[in-house]
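**Student:** need a 3D model of the following:
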Amino acid sequence: MRVLVLGGSWFVGRAVVDAVAAGGHDVAVFNRGVTPAPLPGGVQRIAGDRESAADVRALARYGPWDVVIDVSGSIPAVVRRNAQVLADVAGHCALVSTISAYRDWPHAEVDEESAVWDAAADDDPGVRRWDPDAYGPLKVGCEIASEEAFGAQRLLVLRPHVVLGPYEYVGRLPWWLGRMRRGGQVLAPGPDRAIQPVDARDLAIFLLECVETRKSGLFNVAPQPEAATYGGMLQACIEATAGSAERPVDLVWADEDWLMGQGVTQWTELPLWRNAAAPWGMKVDRAHAVGLRCRPLADTVGDTWAWLRDGGRAVEHERFAEHGIAPGKESAITGWWLDRAEGGHRSGSS
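**Tutor:** Got it, this is the predicted structure:
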């Protein structure tokens with residue numbers, strides 16, 4: 001196939017480009033070139049800004065393509081303008097969306113038929129900064145814009161859960177790995193909570209297999225909910241960093257409701273933790289039925305640590321600074337919990 005990737009230099013896009021190139025396809029990437037990510041041999045780089053109508057019209061002259069893969073679209077009005085041009089020179093479109101598209105997540109389990117946020121194909125907030133409240137509705141608008149241009153039979157939409165792995169720029173898993181490397185008493189919640197992040201490489205391989213077989217429609221993308229636990233993820237972080245840990249790790253499991261009462265911010269101060277009814281309640285039977293395969297979470301953890309240990313650095317992004325609890329705050333809350341007459345317990349040193 002001839003494949004065009006919009007983006008392709010940060011995280012999921014890098015994994016997609018690697019997977020498509022490894023599959024023997026003719027690949028071109030379109031981005032501004034601000035992030036000088038290395039490309040696999042034979043991949044063509046086309047410089048341009050997707051927000052420039054002139055650049056996108058110039059891009060179309062490099063076609064036609066069998067499929068355009070949009071991993072970076074986040075503003076519906078921009079995605080709409082791009083898709084209207086590219087629909088004439090690409091047979092199929094694959095859009096990477098998000099679990100945040102679902103209106104009831106993380107408070108209820110979601111499947112592909114669950115309600116999504118209200119949105120429109122011409123939405124544009126007028127700013128280009130990270131906004132967690134706007135992210136889901138904007139992605140829904142991108143889905144609508146893509147379908148308007150390509151039609152349902154020519155569109156594949158993937159809604160992944162949290163994506164982890166090498167090159168992660170959000171900073172969730174890198175923070176936990178760094179914290180385990182420092183060692184000592186580590187404040188931890190919800191050891192038995194199911195957790196279902198997807199490895200960027202597994203997402204990319206599934207996307208490629210779908211476009212190779214010309215699948216259309218909507219798929220949630222994540223491991224099955226029972227595949228891993230929060231405690232198992234933290235233990236994998238301990239094991240991955242054991243050879244370079246400054247001190248032994250002592251996990252201190254604290255009650256989730258109590259942590260909220262102490263002002264611990266869900267999802268960010270203790271990354272990937274959310275004290276809600278169904279933060280990891282994504283139903284993914286549809287994708288698994290057509291071939292989605294997800295590696296063990298411990299493998300994702302180990303590979304991410306190997307990348308960091310070898311000098312890997314993610315793209316700088318404002319979201320990275322959001323993640324992780326300050327050492328002083330963590331120490332104080334851990335002490336308060338351990339001083340309680342009953343409740344918390346230690347897991348023992350690792």
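
**Student:** can you pull the contacts of the nearest residue to residue 271 once chain neighbours are set aside?
**Tutor:** Once flanking residues are discounted, residue 271 sits nearest to residue 172: 3.9 Å by C-beta to C-beta, 6 or more residues apart in numbering. Where C-beta positions appear, they are placed from N, C-alpha and C, glycine not excepted. Applying C-beta atoms under 8 Å, 6 or more residues apart in numbering, we find residue 172 in contact with 162, 164, 271-272, 323.

**Student:** how about residue 172, phi and psi?
**Tutor:** Phi and psi for residue 172, reported as degrees, to the nearest 10, are phi -70, psi -60.

**Student:** residue 68 sits in which helix or strand?
**Tutor:** Secondary structure from DSSP states H and E places residue 68 in strand 65-70.

**Student:** where exactly do the strands run in the stretch 101-250 of the chain?
**Tutor:** Using DSSP state E, counting those that start in this stretch, the strands of the stretch 101-250 of the chain run over residues 155-160, 163-164, 184-189, 198-199, 217-221, 249-254.

**Student:** quick one: closest of those to residue 56.
**Tutor:** strand 155-160 (18.2 Å; C-beta to C-beta).

**Student:** pLDDT score for residue 169?
**Tutor:** On pLDDT, residue 169 comes in at 88.

**Student:** and for residue 345?
**Tutor:** We have a pLDDT of 49 for residue 345.

**Student:** on that earlier part again, what's the most buried one of the strands of the stretch 101-250 of the chain?
**Tutor:** Neighbour counts (mean count of other C-beta atoms under 10 Å) averaged over each of those peak at strand 198-199, with a mean of 26.

**Student:** quick check: domain ranges of this protein?
**Tutor:** Domain segmentation of the chain under automatic domain parsing yields 2-160, 172-196+226-280+296-349.

**Student:** quick one: residues contacting residue 280.
**Tutor:** Residues near residue 280 by C-beta under 8 Å, 6+ apart: 106, 161, 193-196, 225.

**Student:** most widely separated two among these?
**Tutor:** Farthest-apart pair in these is 161 and 193; separation 13.7 Å (C-beta to C-beta).

**Student:** what about these two, which has more around it?
**Tutor:** Set side by side, residue 161 and residue 193 show more neighbours around residue 161, with 25 against 18, by other C-beta atoms under 10 Å.

**Student:** over to that one: give its phi and psi.
**Tutor:** phi -80, psi -170.

**Student:** can you give me the distance of the residue nearest to residue 271 to residue 307?
**Tutor:** Applying C-beta to C-beta, to the nearest Å, the value for residue 172 to residue 307 is 14 Å.

**Student:** try residue 284
**Tutor:** The gap separating residue 284 from residue 307 is 26 Å, by C-beta to C-beta.

**Student:** kindly report the same for residue 105.
**Tutor:** 29 Å.

**Student:** sorry, back to before: can you list contacts of the strand holding residue 68?
**Tutor:** So strand 65-70 is contacted by 1-7, 16, 20, 28, 79, 82-83, 86, 89-96, 142, 146, 207, 211 (C-beta under 8 Å, 6+ apart).

**Student:** please redo it, this time with the cut-off set to 6 Å
**Tutor:** Outside strand 65-70, the residues that touch it by C-beta atoms under 6 Å, 6 or more residues apart in numbering are 1-6, 16, 86, 90-95, 211.

**Student:** can you tell me which of those are in helices?
**Tutor:** 16, 86, 211 (DSSP state H).

**Student:** now a PyMOL select for only the buried ones of those residues.
**Tutor:** Selection of the buried residues among the ones in helices among the contacts of strand 65-70 in PyMOL, burial being defined by 16 or more other C-beta atoms under 10 Å:
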select buried, resi 16+86+211
